[in-house]
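> here is a sequence together with a model predicted from it:
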Amino acid sequence: MPNEDHSPILEVSGLKTWFPIHRGPFGRVKGHVRAVDDVDLLVRRGRTLALVGESGSGKTTVGRTILRLIPATAGQVTFEGQDVFRIGRGKLKRMRRQMQIIFQDPVSSLNPRMTVGDIIAEPLVVHRIVPRRLRQERVESLLHRVGLSPAYINRYPHEFSGGQRQRIGIARALASEPKFIICDEPVSALDVSIQAQILNLLKDLQRDLGLSYLFIAHNLAVVEHFADEVAVMYLGRIVERAPVDKLYSTPLHPYTQSLLASVPRPDPVNRHDSARLPGEVPSPVNPPGGCPFHPRCPLTRKLAQELPPNQTLPIASEGENVLVVRRCTEEIPRLAAAPTDDEHLHACLMRQVGGADLEREESPPLDHGLDEGRWV
Amino acid sequence: MNQPIGKIGANANGYVVQNDPPEQMVGAGRSLWGDAWRRLWRDRSAKICLAVILLYALMGLSTAAYDLLAENVKALNWPTFQEMVDFDHRDQSPGMYWSNIWKDPSRLIADWRQMLGTDWSGRPILLKTIWGAKVSMTVGLMANIIAIPLGLFLGAVAGYYGRWVDNIVVWLYSTLASIPSILLLISLKYAFRTPIMGLDLSGIHGVYLALGVISWISTCRYIRAETLKLRELDYVMAARATGRSSLSIIRCHILPNVFHIAIINFSLGFIGAVSAEVILSYLGLGVAVGTPSWGQMINSARMDLFAGRWWELTSAVTAIFFLVLALNIFGDRLRDALDPKLKNV
């Protein structure tokens, strides 16, 4: 049933996941890896929120922290009005029926010593969803639902291809009849042709079952036609959050702009030197002060050229001295609404001080060989 | 005309579904255990070693059965091994038997027991060696029956829970491992000389327990390391996300995936137990004096060799040699067959 109610199903506010670093002879905590640092998210019923970022930006940790697979350091996650981090064991188990996860690696996500039937039946057994005698029937219908033959029920995972295994993982996630599924890069490990099949399957399931997705990806091209909203993550923080069309048409954060500019386009005529970001992602152990993006940010470099010296600061980035805006090194930006639209949030200090902007390269629309939003 | 091999249809959602899977995918699947067994069975050296091990096990079983019958069913009138004393033929060398056969071939059958010579009381070495298999096989089996479940459980629990549970287990086995095992065995055996909580562990039972207590360490180490790896895998995460309890995850996801290590360790631990029994018996701390065992045979060789009687020692050492060799090669083949990392090598 198409769900017309798009009220929030999952709200994440101020989520922090820091991993302690133990060093020295007595294993004392010598610092933290700030994998997730102050993340706010909102997933709506029947909708897909995509979480995009480079590897190491903390997207996977966000997903696992929401499911309480990794303990959170601070923050609050509310799922259907219940505080995920503060409920007791019994309630948590009931909640886990409603929230499931699909993993990136189709090899390690299935126990090699269990049959496909046992793997898919696991949630049924744990939550006592169907009586034993109806279990096989249910597993067979789940297999059929994800496009696999029910005859595979007694086979083992190693007898399947990557795409088929991913379907088995989806069937397992569906078995407990969840409302919300975290898709942790479900197609990154698959061939492009198989990626399309899996994405179409996920989309069909969402339409038919009214599922809500938190879709974690590092590929902007995959997200563009799959998600309703996109959140871009950099170094453990959300830097921009917007409905998908707004994000792709008018990206506000310089990081998002660079990401979009680096999507390869299969166009030999319009070959362009993408505005490649200088440097690498800094270590989350010792993130830069102020805006975490400032050492690589093209916008602050550009603006600093026009500001008086008391408002700028020379910093060393990748062995060269660059001039950046002083405010970017001192103040941590918060997600704020763009002046034009309430739903479009970004975390760039320079964007807030008026119209100062980088001239955005006019780029032709991305071409992925897509036909009306379906992968072919 | 090309006939499609399998019927390709589309389900309600419009994507392709294989309604008819390929022929080989119908029915029961190939489990990893089945695969491992097939690999092992294809390996001729593994089969030979298994046969040798089974032969030793058979020797142990048949002597145990013989002892039981000889002691309890008097009507059979079988002599127990202890009663096979024959002072007329004491200290006979195998050479004597074979030269007698040369003179009178009819005695080949009648005197077959003496073909490996006799000991100081005239008991045949051949039978003594066969009887020795009983002690060795039982010790190997019992020590492992104690050690493997202990190592499996502690290793999995330590690896899965981590933190203080892990600290305690690691501390325990590091401490035990830092004591030279033979000294630990000897001290445990001495500790067992007085009954503990009503249990008399002074004899062979003490050997089982002492060996069991020290030989779980290597199993535990392997299992712990493997569990540390497994608990980060996605299927364990998925089970946790589904709401399975930790103990249930250990039972359903961890143990089946580390069990092959326990099997390999069973085979290799057997060697350690057999040789430890030999050493303990040699030192007079193993089986009771008079019980036929390879350790006792080597022990008595201290006097025998001085008098030029080499055959008792030789038989015992040869028996140990073939058992340990077979166990070693079989353990290796088992590892090759069971370890998925070596699967495609």
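Nice, thanks for sending it over.
> which residue lies nearest the spatial centre of chain B?
residue B:270 (3.3 Å; Cα atoms, centre = their mean).
> and stretch B:146-164, which residues are buried?
Buried residues in stretch B:146-164, counted by 16 or more other Cβ atoms under 10 Å in any protein chain shown: B:146-148, B:150-160. C-beta: built from backbone N, CA, C; applies to glycine.
> wait, stretch B:107-125
B:111, B:113, B:114, B:116, B:117, B:118, B:119, B:122, B:123, B:124, B:125.
> may I ask which helix or strand encompasses the residue nearest to the centre of chain B?
According to DSSP states H and E, residue B:270 maps onto helix B:255-282.
> name the helices or strands packed onto that helix?
Contacts defined by 3 or more Cβ pairs under 8 Å, 6 or more residues apart in numbering or on different chains; DSSP states H and E place helix B:255-282 against helix B:125-161, helix B:181-191, helix B:204-230, helix B:294-306, helix B:311-338.
> looking at chain A, which helix or strand is least sure?
Least confident helix or strand of chain A, by mean pLDDT, DSSP states H and E, is strand A:370-371 with a mean of 44.
> now the helix holding residue B:270: average pLDDT?
Helix B:255-282 shows a mean pLDDT of 84.
> now that helix, how far from the chain's geometric center?
Computed by Cα atoms, centre = their mean, to the nearest Å, the chain-centroid distance of helix B:255-282 equals 5 Å.
> about what we covered before: right, and the residue nearest to the centre of chain B touches residue B:140 too?
Yes - using Cβ atoms under 8 Å, residue B:270 is in contact with residue B:140, at 4.1 Å.
> for those two, list the residues in contact with both.
Residues touching both residue B:270 and residue B:140 by Cβ atoms under 8 Å, 6 or more residues apart in numbering or on different chains: none at all.
> neighbouring contacts of stretch B:62-80?
B:81, B:130, B:131, B:133, B:134.
> for stretch B:209-218, same thing?
By Cβ under 8 Å, 6+ apart, stretch B:209-218 touches B:139, B:142-148, B:150-151, B:154, B:173, B:176-177, B:181, B:184-185, B:188-189, B:192, B:201, B:265, B:268-269, B:272-273, B:276-277.
> ok, stretch A:242-254 next?
Taking Cβ under 8 Å, 6+ apart as the rule, stretch A:242-254 contacts A:50, A:223-224, A:227-230, A:232, A:239-240, A:256-257, A:259-260, A:293, A:297-300, A:338, A:341, A:343-348, A:351, A:358, A:360, A:366.
> please state the offset of that stretch from the chain centre?
Using Cα atoms, centre = their mean, the offset of stretch A:242-254 from its chain centre is 16 Å.
> swap in stretch B:81-88?
With Cα atoms, centre = their mean, you get 32 Å for stretch B:81-88.
> what do you get for stretch A:36-49?
That offset, for stretch A:36-49, works out to 9 Å (Cα atoms, centre = their mean).
> what do you get for stretch A:285-296?
21 Å.
> next, the buried residues of that stretch.
For stretch A:285-296, by 16+ other Cβ under 10 Å, it's A:287, A:288, A:290, A:291, A:292, A:293, A:294, A:295, A:296.
> quick one: residues in contact with that stretch.
Residues contacting stretch A:285-296 (Cβ under 8 Å, 6+ apart): A:21, A:31-34, A:37, A:234-237, A:239, A:253-255, A:277-279, A:282, A:297, A:300, A:315, A:317, A:324-325, A:327-333, A:347-349.
> could you rerun that using 6 Å?
Under the contact criterion Cβ atoms under 6 Å, 6 or more residues apart in numbering or on different chains, stretch A:285-296 has outside partners A:31, A:33, A:234-235, A:255, A:277-279, A:282, A:300, A:317, A:324, A:328-331, A:333.
> output it as PDB, restricted to C-alpha atoms.
Only the C-alpha atoms of stretch A:285-296 are listed here, as PDB (Å, rounded to 0.1, in the frame of the first residue of the first chain):
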ATOM      1  CA  VAL A 285      41.200  11.000  16.200                       C
ATOM      2  CA  ASN A 286      42.400  14.600  15.900                       C
ATOM      3  CA  PRO A 287      39.900  16.400  13.800                       C
ATOM      4  CA  PRO A 288      40.600  20.000  12.800                       C
ATOM      5  CA  GLY A 289      39.200  22.600  15.100                       C
ATOM      6  CA  GLY A 290      36.200  24.700  13.900                       C
ATOM      7  CA  CYS A 291      34.600  23.500  10.700                       C
ATOM      8  CA  PRO A 292      36.100  20.000  10.100                       C
ATOM      9  CA  PHE A 293      36.200  20.700   6.400                       C
ATOM     10  CA  HIS A 294      38.200  24.000   6.500                       C
ATOM     11  CA  PRO A 295      41.600  22.500   5.600                       C
ATOM     12  CA  ARG A 296      40.200  21.300   2.300                       C
END
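> before we move on, back to that, nearest to residue B:45, out of the helices and strands packed on helix B:255-282?
Taking Cβ to Cβ, helix B:311-338 is the member of the helices and strands packed on helix B:255-282 nearest to residue B:45, at 5.9 Å.
> show me the two of the buried residues of stretch B:146-164 that sit farthest apart.
Among those, B:146 and B:160 lie farthest apart (Cβ to Cβ), at 22.2 Å.
> ok, residue A:141 to chain B distance?
11 Å (Cβ to the nearest Cβ, to the nearest Å).
> got the residues of the stretch 101-250 of chain B near chain A?
B:233, B:234, B:235, B:237, B:240, B:241, B:242, B:243, B:244 (Cβ under 6 Å from any Cβ of the partner chain).
> now residue B:247: which helix or strand?
helix B:246-249.
> actually residue A:92, not the one I typed
helix A:89-98.
> avg pLDDT for that helix?
Rounded mean pLDDT across helix A:89-98 is 86.
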